[in-house]
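[1] Dropping a prediction and its sequence here:
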Amino acid sequence: MEKINKMTKGTVAGIIANLVFVEVDGPVHQNEICYIDLEGTKLMAEVIKVNGTQAYVQVFESTRGLKVNHTVEFTGHMLEVTLGPGILSKNYDGLQNDLDKMDGVFLKRGEHTNPLEDDKKWEYKPIAKVGDILEAGGWIGEVKENWMPHKIMIPFKFEGKYTIKSLTEAGEYTIHDTMAVVTDEKGKDITLNMIQKWPVKLAIKAYKEKPRPFKLLETGVRVIDTLNPIAEGGTGFIPGPFGTGKTVLQHALSKQADADMIIVAACGERANEVVEIFTEFPELDDPRTGRKLMERTTIIANTSNMPVAAREASVYTAMTLGEYYRAMGLKVLLLADSTSRWAQALREMSNRMEELPGQDAFPMDLPAIISNFYSRAGFTYLNNGESGSITFIGTVSPAGGNLKEPVTESTKKAARCFYALSQQRADSKRYPAIDALESYSKYAEYPELQDYFRKNIDPDWPEKIALTRDILIRSREVSEQINILGDDGVPIEYHNRFWKGEVIDFVICQQDAFDEVDRSASLERQKYMLKKVLDIYHANFSFESFEDVGTYFKRMINSMKQMNYAVYESDKYHDSEKELNSIIEERKTA
């Protein structure tokens, strides 16, 4: 008997903002995509709950004008992204619509654009050979996307082994041209082109192994690399109140971090901040290549005035694009700003479905949702022996700077690095405003990463970092005692201890993101400057009164800041170092 593929249909039974109740006439599954017919306009929606013959769907667009009994058609597939050459340098919304192709200032309902260029020709060359046996994610060939190699792969949906029957010769082709014919294990021939689709809610697992991160990701930011390092393929988050420098820090990480590709997900930020990303990113120069940073960047934007469901889609779309490029053997840096808005979207939908609320009315399973998402980042060994990684850093915007609220607490359980931005440091213009003591990196405790530090930086590096943090703690304790008892109410040794901590703060923890030289510090330079400040800590100095202590250490700090502003090992750098050494000798005792 011939099988008939019948699409499930339904009718609108109820509407609460962008949550719509649909009576269905057949089977539907969780996260399936459907289209609601609003007088000829197709509104895209996603099934988030099924109860008998009623499906709860979240609509990705405005439901203004929608009425009961409007028809709904289900597609049989989940929310998918199109993967292929042409993703780099694009500006997408959360549903992977190309924003640059849309007309007018405001997005029209039901308008969807092609995320890739159908007619553009790409310079293609095959990598595999006829007769090669590949799995999902196996590399067939590559094209140059901007200046980066973009691999054409066996689609991730394919299961089992595939033998290459024929390959297209090197030349210029569009994304829809046939690149290869492969034969599956049953002997069936399948034609492949440059593109494939993948559902965003499912992780791409086309790799052999996913070990714990074991390599440092160099960011060029001293307070991160030296005191709270993040690993390649690691996860971190940056909570901080308004005006503490989250955006500038993200720009610094985008430009300086040791990554091949940057994905920026603006999920629910204010519209003016998203406009800043669109206008500033194309102007940023890439210090690694001398080209524009946008050439290796993709932006996925959802502002806070878009429907809440679209915010949730944007973070999953960004992660899926990251997994796609990781399968090419690239190092991907994914920045999400801000995951608090995503959590608020989850709260709104949960409340509309009348689910049991958790703390602050967030869903009970919020920690599980965040952990599941963060777990998709990581370092992987691919089936062909190459490696790729996604390093994920999200920002959190806690209301009133309260770091005890549920989103921050839930993210703490999932992310291994915590970079707390301090309002006090921002107010005193100590940028980046990362509080080195409130922040932490659990990667620094990993034996794998400690071995990496000992082999590649310094045999005593973990011990030096522990000592540096200890000096900062002692300095902060003494500072509080001086504030209470007064300058002349404590021994001179207390002032000495306080200022030795200030040397570390000014020289290591602070950095000028707008200076050509100081905005990025190499590991070699960080190692040398840390040695310098620790030598000062271990040295003994003689002072007659507490007034002498501050004046003396300020001169020392000034010389070291001049070293930070000078090109490493340049004449200016060595002149500042000589000046520093002469200052040290003035009061140094045996």
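    That came through, no problem. Numbers count the residues shown, from 1 in each chain.
[2] tell me the contacts of the closest residue to residue 339 other than its chain neighbours?
    With sequence-adjacent residues excluded and distances taken as C-beta to C-beta, 6 or more residues apart in numbering, residue 339 is closest to residue 394, at 4.3 Å. Every C-beta, even on glycine, is put in place using the N, C-alpha and C of the backbone. Counting by C-beta atoms under 8 Å, 6 or more residues apart in numbering, residue 394 makes contact with 236-238, 335-339, 411, 415.
[3] now the host helix or strand of residue 394: how far from the chain's centre is it?
    Under the criterion of DSSP states H and E, residue 394 resides in strand 387-396. With C-alpha atoms, centre = their mean, to the nearest Å as the basis, strand 387-396 stands 4 Å off its chain's centre.
[4] just to revisit the earlier point, make a markdown table from the contacts of residue 394 and add distance to residue 52, secondary structure and neighbour count to it.
    Listed next are the contacts of residue 394 as a markdown table, based on distance: C-beta to C-beta, whole Å; DSSP: H, G, I helix; E, B strand; the rest coil; neighbours: other C-beta atoms under 10 Å:
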| residue | distance to residue 52 | secondary structure | neighbour count |
| --- | --- | --- | --- |
| 236 | 43 | strand | 27 |
| 237 | 39 | strand | 25 |
| 238 | 44 | strand | 27 |
| 335 | 42 | strand | 25 |
| 336 | 36 | strand | 27 |
| 337 | 40 | strand | 24 |
| 338 | 37 | coil | 27 |
| 339 | 34 | helix | 28 |
| 411 | 35 | helix | 25 |
| 415 | 39 | coil | 25 |
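[5] Closest one of those residues to residue 360?
    residue 411 (14.1 Å; C-beta to C-beta).
[6] Wait, that closest one touches residue 235, no?
    No - if you go by C-beta atoms under 8 Å, residue 411 and residue 235 don't touch, sitting 9.1 Å apart.
[7] Show me what counts as buried in the helix or strand bottoming out on mean pLDDT in the chain.
    The helix or strand of the chain with the poorest confidence is helix 271-280; it has a mean of 76 (mean pLDDT, DSSP states H and E). Buried positions in helix 271-280, judged by neighbour count with 16 or more other C-beta atoms under 10 Å: 273-274, 277.
[8] Please apply the same query to stretch 209-226.
    Result for stretch 209-226 [16+ other C-beta under 10 Å]: buried residues 213-226.
[9] same thing with stretch 555-568?
    For stretch 555-568, a neighbour-count test (16+ other C-beta under 10 Å) marks 556-557, 559-564, 566 as buried.
[10] pLDDT averaged over it - what is it?
    Stretch 555-568 shows an average pLDDT of 97 in the prediction.
[11] neighbouring contacts of it?
    Here stretch 555-568 makes contact (C-beta under 8 Å, 6+ apart) with 502-503, 506-507, 511-512, 515, 517-518, 521-522, 524-525, 529, 532-533, 536, 572-573, 576-577, 579-580, 583-584.
[12] Which members of the residues you listed occur in strands, if any?
    Judged by DSSP state E, strands contain none of those.
[13] what about residue 94, distance to residue 256?
    Residue 94 sits at a distance of 27 Å from residue 256 (criterion: C-beta to C-beta, to the nearest Å).
[14] do the same with residue 414
    25 Å.
[15] Residue 96 against residue 82, yeah?
    Yes - Residue 96 lies in contact with residue 82 (C-beta under 8 Å); the separation is 6.6 Å.
[16] Overlap in contacts, these two.
    Here residue 96 and residue 82 have residue 115 as joint contacts, going by C-beta under 8 Å, 6+ apart.
[17] show me where the stretch 351-500 of the chain has strands.
    Under the criterion DSSP state E, counting those that start in this stretch, the stretch 351-500 of the chain contains strands at 378-381, 387-396, 417-418, 440-441.
[18] so can I have CSV of those showing mean pLDDT?
    Shown next, in CSV, are these (pLDDT from 0 to 100):
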stretch, mean pLDDT
strand 378-381, 98
strand 387-396, 95
strand 417-418, 96
strand 440-441, 96
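[19] closest to residue 310 out of those strands?
    Distance to residue 310, taken as C-beta to C-beta, is lowest for strand 387-396 among the strands of the stretch 351-500 of the chain, at 17.7 Å.
[20] partners of that closest one, with directions?
    strand 235-239 (parallel), strand 331-337 (parallel), strand 378-381 (antiparallel) (DSSP bridges).
[21] nearest to residue 129, of these?
    Of the strands paired with strand 387-396, nearest to residue 129 by C-beta to C-beta is strand 378-381, at 22.4 Å.
[22] any idea how far the closest one is from the chain center?
    On C-alpha atoms, centre = their mean, the centre of strand 378-381 falls 15 Å from the chain's centre.
[23] Same question for that strand: list its buried residues.
    Going by neighbour count (16+ other C-beta under 10 Å), the buried part of strand 378-381 is 378-380.
[24] May I have the least confident helix or strand of the chain as PDB, with CA atoms only?
    Only the C-alpha atoms of helix 271-280 are listed here, as PDB (Å, rounded to 0.1, in the frame of the first residue of the first chain):
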ATOM      1  CA  ALA A 271      18.200  48.600  20.100                       C
ATOM      2  CA  ASN A 272      20.700  51.400  20.400                       C
ATOM      3  CA  GLU A 273      23.400  48.900  21.600                       C
ATOM      4  CA  VAL A 274      22.700  46.600  18.700                       C
ATOM      5  CA  VAL A 275      23.000  49.500  16.300                       C
ATOM      6  CA  GLU A 276      26.400  50.200  17.900                       C
ATOM      7  CA  ILE A 277      27.500  46.700  17.100                       C
ATOM      8  CA  PHE A 278      26.300  47.100  13.500                       C
ATOM      9  CA  THR A 279      28.100  50.400  13.100                       C
ATOM     10  CA  GLU A 280      31.300  49.800  15.100                       C
END
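[25] and it, how far out from the chain's middle?
    Relative to the chain's own centre, helix 271-280 is displaced by 17 Å; criterion: C-alpha atoms, centre = their mean.
[26] Which strands and helices lie in contact with that helix?
    Under the contact criterion of 3 or more C-beta pairs under 8 Å, 6 or more residues apart in numbering; DSSP states H and E, helix 271-280 touches helix 246-256, strand 261-269, strand 297-303.
[27] how does it look with 10 Å?
    Helix 271-280 sits against strand 91-92, helix 246-256, strand 261-269, strand 297-303, strand 331-337, with contacts defined as 3 or more C-beta pairs under 10 Å, 6 or more residues apart in numbering; DSSP states H and E.
[28] hey, which of those is tucked in deepest?
    Counting by mean count of other C-beta atoms under 10 Å, strand 261-269 has the highest mean neighbour count of the helices and strands packed on helix 271-280, with a mean of 27.
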